[in-house]
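# after the sequence you'll find the predicted model.
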Amino acid sequence: MFEKLLTPSDVGKLNRLVIPKQHAERYFPLDGDSTERGLLLSFEDESGRVWWFRYSYWTSSQSYVLTKGWSRFVKEKKLDAGDVVLFERPRFVGRDHFYIACRRQSPPPAHAITVPDGAEPPNPVYHAAACSDPASNSVRQECLLHEGKLWYTAQYRGITKTTTRNSLVASMYRRAEERSNAERDETIETLRRKFGLRAGAGATAYDLSLMVLARKCFELSAIGIYVSAISSFASCHDSHPDTACDYTFGRWVWDEGRRLDAYTEDCPFLDPGFQCRRNGRNDSSYLYWRWQPHGCDLPRFNATEMLERSRNGKIIFAGDSIGRNQWESFLCMLAKGVQNKSSIYEKYGNPITKHKGFLSMVFHDYNLTVEYYRAPFLAAVGRPPPASPDHVRAAIHLDALHWLCKHWVDADLLVLNAGHWWNDKKTIAAGLYFQVGEEIQTTMDVKEAFRLTLETVKLWTFNNLHLQKSHVFFRNHSPIHFRQAISLGSATKIAEIKAHDMN
């Protein structure tokens, strides 16, 4: 038996349920009534009703899915994000039999099936349903399955009563469930602290250019992505939370003592478009800003130490021009720790400037590669399906990442960013519409499309990365501080950014 926590996309317009790879390969068979687009599988629910779903493998997102029939199940069961669907596959002689049930995060509608205490449902499935008690309004009845043994619990204001055919099994299950809940609560608490960071022995820290990334690197935790701290920069606290330092919690401060000569544009990996001074910027106030975490100090970036800690590794930035800017800044920071600059080169001989696609910089002495992949939407973009309306010039595939994502799977550190291209001007107004499966969604708004893409990012991350090895960061819109430039022919009027505008 396995459980699947439903995400917003699982119960949304996509009409599909993504099955984690390890469960799909273990529990779901390859036999069945074959069709051209997958297998038709039948599942029996707690009432004995049979549900049919199409089960297939999507190569675009590299995921196993239940499609046709799923939306009907969601609608009739009134499922929502946060609910849990449970699958059971007991073995019978000569055939496979499937059961499906649900456990709700909140009391279900009045019509949901409830089981009287001590009664037995028609099928051995894990079913959790709530019934309303006029007096306490806090009664929950559950039918639990453990190796074919059934028992039921009724909870009244925290008092649990259990009846079972095998009380020993029930007792063992309760203890296991308590351990599971404790582990879950510990994980949730860790996420709530946003993996609170502290400077550890030998740890280095973010410089200004990467601090912007760190401020919002936990965006995806709200929809369930597992966010990990960059071990080369900071260490995750696990024993002294009172002394931990969260580098993502702080503000920009004005520091008159900063060394202005530390900023140069002599780095050979800096694109001409990002060379502010050489492009006519005359003010220097931006050089005085420093990121100050609350309750602790942020050490300066140590290029030599970062190179040593990243030896034999791969660091990847993927996204829009913000990601490109971070990648170039990071290259220049690392290059300060290398005396022989000729030992740093682009792997395929491509020029840094005016190049689209991807770039792979090699730090030969450390066997380290630092790569950038241009993927402004993170999602794949291609031709629209046949018979699309004339105003649809291209399609953004919300259920598939950029075709270059196959090169990201072995990253030790993966920094993803997206957001600035997700607006009407760069999508719908430009003729780029959103595609799910084989259909163009002409009525879907940009915000919903972006949310679905983030779900795809999350699923791809879980299905393809080695999370014990890879560290994943995501950031969306960067803080934008316009200098209020007003074009007057060939002249430009510029206003300096005031201190209070930085935060």
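Sure, I can see it.
# contacts only, for Phe358.
Glu371, Tyr372, Tyr373, Arg374, Leu404, His407 (Cβ atoms under 8 Å, 6 or more residues apart in numbering). Just so you know, the C-beta spots here come from the backbone N, C-alpha and C atoms, and that holds for glycine as well.
# on the pLDDT front, check it for me.
Per-residue pLDDT puts Phe358 at 91.
# separation between it and Asn325?
16 Å (Cβ to Cβ, to the nearest Å).
# cool, and Glu455?
On the measure of Cβ to Cβ, Glu455 and Asn325 end up 26 Å apart.
# same check on Gly357?
Distance from Gly357 to Asn325, by Cβ to Cβ: 17 Å.
# compare these two (neighbour count), which wins?
Per other Cβ atoms under 10 Å, whichever of Gly357 and Asn325 has more neighbours is Asn325, with 21 against 11.
# specify the local secondary structure of the more buried one.
Under DSSP: H, G, I helix; E, B strand; the rest coil, the three-state class of Asn325 is helix.
# same check on Thr248?
Assignment for Thr248 (three-state DSSP): coil.
# just to revisit the earlier point, output the contacts of Phe358 as TSV; include the columns secondary structure and neighbour count.
Listed next are the contacts of Phe358 as TSV, based on DSSP: H, G, I helix; E, B strand; the rest coil; neighbours: other Cβ atoms under 10 Å:
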residue	secondary structure	neighbour count
Glu371	strand	21
Tyr372	strand	26
Tyr373	strand	22
Arg374	strand	18
Leu404	helix	15
His407	helix	16
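# who's in contact with the residue lying closest to Ala411 once chain neighbours are set aside?
Nearest residue to Ala411 in three dimensions, chain neighbours excluded: Ile316, at 4.3 Å (Cβ to Cβ, 6 or more residues apart in numbering). Contact partners of Ile316, counting by Cβ under 8 Å, 6+ apart, are Val370, Glu371, Tyr372, Tyr373, His407, Trp408, Ala411, Leu413, Leu414, Val415.
# where exactly do the strands run in the stretch 1-150 of the chain?
2-5, 17-19, 33-35, 38-44, 50-58, 63-66, 84-88, 91-92, 95-96, 99-103, 127-130, 139-146, 149-156 (DSSP state E, counting those that start in this stretch).
# tell me the strands beside the longest one, with direction?
Sheet pairing for strand 50-58, assigned by DSSP bridges, gives strand 38-44 (antiparallel), strand 63-66 (antiparallel).
# what does it rub up against?
Contacts of strand 50-58 (Cβ under 8 Å, 6+ apart): 17, 28, 32, 35, 37-45, 63-70, 72-73, 100, 399-400.
# related to what we said a few turns ago, and which of the contacts of Ile316 is nearest Trp460?
Trp408 (8.8 Å; Cβ to Cβ).
# quick one on the thing from earlier: quick one, which of the strands paired with strand 50-58 is nearest to Ser470?
Closest among those, using Cβ to Cβ: strand 63-66, at 18.0 Å.
# now the closest one: mean pLDDT?
Strand 63-66 comes out at a mean pLDDT of 81.
# what's next to that strand, contact-wise?
So strand 63-66 is contacted by 16-21, 24-25, 28, 41, 53-58, 459-460, 463 (Cβ under 8 Å, 6+ apart).
# just the buried ones from the residues you listed?
Neighbour counting with 16 or more other Cβ atoms under 10 Å marks 16-19, 24, 28, 41, 53-56, 58, 459-460, 463 as buried within those.
# need the worst-confidence member of those.
Phe28 (70).
# could you give the bridge partners of the residue nearest to that one when sequence neighbours are not counted?
Of all residues not flanking Phe28 in the chain, Tyr55 sits nearest, at 6.0 Å (Cβ to Cβ, 6+ apart). Beta-bridge pairing of Tyr55, defined through DSSP bridges, involves Leu39, Leu66.
# next: Ser360.
Glu371.
# next, count neighbours for the nearest residue to Trp460 once chain neighbours are set aside.
Residue nearest to Trp460 in three dimensions, not counting chain neighbours: Leu401, with 5.2 Å by Cβ to Cβ, 6+ apart. For Leu401, the neighbour count with other Cβ under 10 Å is 26.
# can you check the one 4 residues further on too?
Using other Cβ under 10 Å as the criterion, Cys405 is surrounded by 22 other residues.
# residues touching it, list them.
With the criterion set at Cβ under 8 Å, 6+ apart, Cys405 makes contact with Ala318, Ala375, Trp460, Asn464.
# which ones among these lie within helices?
Trp460, Asn464 (DSSP state H).
# what's the span of stretch 404-412, first residue to last?
17 Å (Cα to Cα, to the nearest Å).
# so where's the stretch 151-300 of the chain shaky on pLDDT?
151-244, 259-262 (pLDDT under 70).
# could you redo the last one with a cut-off of 50?
For the stretch 151-300 of the chain, the stretches with pLDDT under 50 are 151-173, 175-176, 180, 184, 187-188, 190-242.
# now do the stretch 351-500 of the chain
484-495, 499.
# please, where are all the helices along it?
446-464 (DSSP state H, counting those that start in this stretch).
# pop the domain breakdown of this structure in here.
As given by automatic domain parsing, the domain ranges for the chain are 2-189, 193-493.
# about what we covered before: got the contacts of Ile316 as a markdown table, with distance to Gln435 columns?
A markdown table is the format used below for the contacts of Ile316 (distance: Cβ to Cβ, whole Å):
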| residue | distance to Gln435 |
| --- | --- |
| Val370 | 32 |
| Glu371 | 27 |
| Tyr372 | 26 |
| Tyr373 | 21 |
| His407 | 23 |
| Trp408 | 22 |
| Ala411 | 27 |
| Leu413 | 31 |
| Leu414 | 25 |
| Val415 | 26 |
